[in-house]
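> give me the fold of what follows.
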Amino acid sequence: MVTIYSFLCAFLPCLTYLFVKDRKEKKFYILFILVFVLYIWMVYTVTGAGGLTDIIYAPEGGIKKPNVNLEPFSNGISFTFYLNIIMCMPLGFLLPFIWKDYRKLYKTTIVGFCFSLLIELSQLITTRATDVDDLIANTLGTVIGYLIWIIFSKLFKKYKDGVNGTKGPIAYILFSFLGMFFLYFPFWFAFTIEPLLGG
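Numbering: from 1, shown residues only. All right, here's what the predicted structure looks like:
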């Protein structure tokens, strides 16, 4: 039940935006926009992006001292580095696949970098590390995902359609993040709502 609650916190703000802005798009692309939102939520969940709950439930009413590494590869390249690359490859693929305005490498790379930066900055209020290596790996993963899309577009040359506009993916990333940041309170849900649902 907590997982469903977490997903709804990210999904409902995006669903509202989808209804207002993108409801007239073809059903095929609406489906993949929803896949995009699902993917973004999964990244927030896996990375432990920070939220208001981390501030409210911080030990002794304070925020834990941030664990920050600004020196690239100070401890070498770990297995986690490769996992972070893989994690952001779908982002690099989905952006140009869905939105025509992101069929340029620099635009997709900028979104990938900013997406990773958003997560890393949010981790300043958590017990997790804010690491420049993660930022590098996530951005690299986005670039690799874009290159995979290039290959895909060459193999399926008839594929030229897509959603117009540059604001769409940025809006979905921000609305899902804000939904998780302000609405997701796992401790409150676990102790208050879940018992009422028989969880």
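
> could I have the CA atoms of stretch 170-188 written out in PDB?
Presented in PDB, the C-alpha positions along stretch 170-188 are these (Å, rounded to 0.1, in the frame of the first residue of the first chain):
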ATOM      1  CA  ILE A 170      10.200  19.300 -17.700                       C
ATOM      2  CA  ALA A 171       6.700  19.700 -16.300                       C
ATOM      3  CA  TYR A 172       6.300  16.000 -15.700                       C
ATOM      4  CA  ILE A 173       9.700  15.800 -14.000                       C
ATOM      5  CA  LEU A 174       8.900  18.800 -11.800                       C
ATOM      6  CA  PHE A 175       5.300  18.000 -11.000                       C
ATOM      7  CA  SER A 176       6.200  14.400 -10.000                       C
ATOM      8  CA  PHE A 177       9.100  15.600  -7.900                       C
ATOM      9  CA  LEU A 178       7.000  18.200  -6.100                       C
ATOM     10  CA  GLY A 179       4.200  15.600  -5.600                       C
ATOM     11  CA  MET A 180       6.700  13.300  -3.900                       C
ATOM     12  CA  PHE A 181       8.400  16.200  -2.000                       C
ATOM     13  CA  PHE A 182       5.200  17.700  -0.500                       C
ATOM     14  CA  LEU A 183       2.700  14.800  -0.400                       C
ATOM     15  CA  TYR A 184       4.700  11.700   0.400                       C
ATOM     16  CA  PHE A 185       4.800  11.000   4.100                       C
ATOM     17  CA  PRO A 186       5.500   7.200   4.500                       C
ATOM     18  CA  PHE A 187       5.600   7.200   8.300                       C
ATOM     19  CA  TRP A 188       2.300   9.000   8.600                       C
END
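
> now that stretch: buried residues?
With burial defined by 16 or more other C-beta atoms under 10 Å, the residues of stretch 170-188 counted as buried are 171-177, 179-181, 183-186. Placement of C-beta: from N, CA and C, glycine included.

> what is the longest helix seen in the chain packed up against?
Determined from DSSP state H, the single longest helix within the chain is helix 132-155. When contacts are defined as 3 or more C-beta pairs under 8 Å, 6 or more residues apart in numbering; DSSP states H and E, helix 132-155 packs onto helix 79-98, helix 105-122.

> so after that helix, what's the next helix or strand?
helix 167-183 (DSSP states H and E).

> so what secondary structure elements neighbour that next one?
So helix 167-183, by 3+ C-beta pairs under 8 Å, 6+ apart, packs with helix 2-17, helix 27-47, helix 79-98, helix 105-122.

> please tell me the pLDDT value assigned to F115.
What the model reports as pLDDT for F115 is 97.

> now swap in W188 and tell me
54.

> please begin residue numbering at 606 from this point
Okay, using 606 as the starting number, the last item reads as W793.

> circling back: and of the helices and strands packed on helix 772-788, who's closest to T735?
In terms of C-beta to C-beta, the element of those nearest to T735 is helix 710-727, at 4.8 Å.
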